[in-house]
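**Q** The following comprises the amino acid sequence and a computationally predicted model.
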Amino acid sequence: MIEQLRALYDKITSLNTVITEDKGHLDHPEDLIFLRGVQGANQAVQAMADTVAKPEKVTIKWDGYPALIFGRNSNGKFTILDKHMFNKKDGSGRQVFSPEQFAQYDKERGVDRSDLHQLIAQIWPGLEKSDKSKGYYWGDLLFKQPLVEKNGLYTFKANPNGITYTVDANSELGQFFKGKNSGIVVHQYIAPDALTTDQATPLDGTIGSLKNNSDVAILPAKMPVTPKLKINSSLLKKAQSEIAKHGQAVEQLMSTAPQARNTFNQLFTVYINKRIVAGDLNNLLAGFMDYVQTRPMTDKMREKINQHLNANKAGLVGAFSIWVAIYNLKMNIVEQLNKAAMTAPVKGYLQDGTQTQEGFVSHGLKFVDRMGFSRQNLAGRQ
């Protein structure tokens with residue numbers, strides 16, 4: 001997972017990037033058939049072919065929490081805030097220039113985030129010292145207290161429902177962690193005059209102009225070595241043939257739905273997540289019809305949805321057939337990436353001890369084992 005640190009008091013070389021997110025959100029390739037129809041399905045397949053063709057572009061998606069934005073505005077004033085504060089339309093969320101002002105901002109809107117306020121106060125001096133240029137950095141906290149070595153390892157877990165990481169204390173990264181009271185991984189840059197996080201751009205394997213010169217470790221990361229990937233031609237042909245076979249019927253299903261497109265899409269994506277938490281992706285079509293009957297909506301709308309689905313059975317069959325085919329193709333690539341990532345000095349583990357990563361990012365999509373990390377994370381939230 002980790003290559004080398006880019007800067008350790010200006011002496012250690014780079015640790016490459018962790019994640020390249022588009023506007024703060026990434027989709028699963030297989031879900032694009034529900035979200036964008038045939039165009040999305042073709043995009044997903046192309047993204048996987050491109051991933052195999054250019055594996056050096058793949059990055060590892062760290063399981064950090066919380067997500068924070070820090071940096072200096074166009075006047076050079078330093079701030080730390082979250083996504084919602086940054087995006088507040090009246091700009092007041094970006095007018096927080098001290099830990100005390102951060103706490104006051106929450107108090108005025110009636111929100112109690114006292115634990116976060118303590119964290120902000122802790123990391124503020126270090127991040128302010130590391131960032132002297134204008135512009136913001138978007139990242140995720142990895143640990144918030146000095147790491148304690150045990151049996152030659154440092155262990156940390158930022159997301160209560162997610163990945164537990166271990167770091168070889170004798171590795172270059174392990175040595176770097178000594179004396180650090182917290183660590184954050186950065187993945188995007190936002191211009192100093194930006195008004196929303198929609199204007200964020202990936203850091204492409206760097207930490208920008210940041211310096212590792214404080215007690216806060218700033219990490220970007222990518223694959224320790226370029227993985228050797230191979231496309232499974234059988235799975236690729238299956239995905240392509242399912243799209244060609246069912247595409248027209250799927251477009252009819254999606255484009256003529258009696259609900260707004262986003263709302264109709266969520267029937268499918270929420271259902272898939274429920275099946276993932278249940279640990280069962282068999283017989284998706286039959287289960288979907290039962291799920292619709294329990295989805296919160298008016299009786300009138302439920303009747304319209306039922307009529308629409310019954311009138312577009314071919315499209316319904318096609319949508320799930322395409323989803324399964326793309327999912328299988330993606331998982332073949334995820335398995336190859338997980339194998340390549342096992343050479344890193346940083347290891348990730350699920351609650352059952354399975355060694356894995358949260359996932360990977362390529363071409364604006366997330367490559368995640370949804371029956372592994374996603375299932376554990378979603379179940380924990382419930």
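**A** Looks like it came in fine.

**Q** which parts of the one helix or strand residue 307 maps to are buried?
**A** Under the assignment given by DSSP states H and E, the secondary-structure element containing residue 307 is helix 299-311. Across helix 299-311, burial judged by 16 or more other CB atoms under 10 Å covers 305, 308-309. No exception for glycine: its C-beta is placed from N, CA and C like everyone else's.

**Q** Relative to residue 131, which of these is nearest.
**A** Nearest to residue 131 among the buried residues of helix 299-311: residue 305, at 50.0 Å, using CB to CB.

**Q** my guess is the closest one meets residue 298, correct?
**A** No. Applying CB atoms under 8 Å, one finds residue 305 not in contact with residue 298, separated by 10.2 Å.

**Q** Using CSV, list the CA coordinates for stretch 188-200.
**A** Output in CSV follows, covering the C-alpha atoms of stretch 188-200 (Å, rounded to 0.1, in the frame of the first residue of the first chain):
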residue,chain,number,x,y,z
GLN,A,188,-7.7,16.1,-3.5
TYR,A,189,-6.8,19.8,-3.9
ILE,A,190,-9.3,22.7,-4.0
ALA,A,191,-8.4,26.1,-5.3
PRO,A,192,-8.3,29.0,-2.8
ASP,A,193,-11.2,30.8,-4.5
ALA,A,194,-13.4,27.7,-4.9
LEU,A,195,-17.0,27.9,-3.6
THR,A,196,-17.8,24.2,-3.5
THR,A,197,-16.0,20.9,-3.3
ASP,A,198,-17.3,20.2,-6.9
GLN,A,199,-14.2,22.1,-7.9
ALA,A,200,-11.8,19.6,-6.2
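
**Q** Now that stretch: buried residues?
**A** Along stretch 188-200, the positions that meet the burial threshold by neighbour count (16+ other CB under 10 Å) are 188-190, 194, 197, 200.

**Q** Repeat that for stretch 154-174.
**A** 154-159, 161-169, 171-174.

**Q** Let me have the buried residues of helix 299-311 in TSV, extended by distance to residue 71 and pLDDT.
**A** Output for those, formatted as TSV (distance: CB to CB, whole Å; pLDDT from 0 to 100):
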residue	distance to residue 71	pLDDT
305	45	96
308	47	97
309	48	96
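
**Q** Can you verify my assumption that residue 349 contacts residue 163?
**A** Yes. Counting by CB under 8 Å, residue 349 touches residue 163, with 6.7 Å between them.

**Q** Name the residues contacting each of the two.
**A** Among the neighbours of residue 349, those also in contact with residue 163 (CB atoms under 8 Å, 6 or more residues apart in numbering) are residue 356.

**Q** Provide a list of residues in contact with the spatially closest residue to residue 105 that is not a sequence neighbour.
**A** Spatial nearest neighbour of residue 105, chain neighbours left out: residue 96 (5.4 Å); criterion: CB to CB, 6 or more residues apart in numbering. Residues touching residue 96, when contacts are defined by CB under 8 Å, 6+ apart, comprise 79-81, 85, 102, 105.

**Q** Which of these fall in strands?
**A** Secondary structure of the contacts of residue 96 is defined by DSSP state E; positions in strands are 79-81.

**Q** what about residue 294, neighbour count?
**A** Other residues lying near residue 294 total 10 when counted by other CB atoms under 10 Å.

**Q** One more: residue 215?
**A** For residue 215, the tally of surrounding residues (other CB under 10 Å) stands at 15.

**Q** quick one: contacts for residue 315?
**A** Counting by CB under 8 Å, 6+ apart, residue 315 makes contact with 246, 249-254.

**Q** and if you look at residue 160?
**A** For residue 160, the contacting residues are 65, 380, by CB under 8 Å, 6+ apart.

**Q** Would you confirm that it belongs to a helix?
**A** No. For residue 160, which was evaluated using DSSP: H, G, I helix; E, B strand; the rest coil, the result is coil, with no helix membership.

**Q** Show the subsequent helix or strand relative to the helix or strand residue 136 falls within.
**A** Using DSSP H and E, residue 136 sits within strand 135-143. Next in sequence after strand 135-143, counting helices and strands by DSSP H and E, comes strand 153-156.
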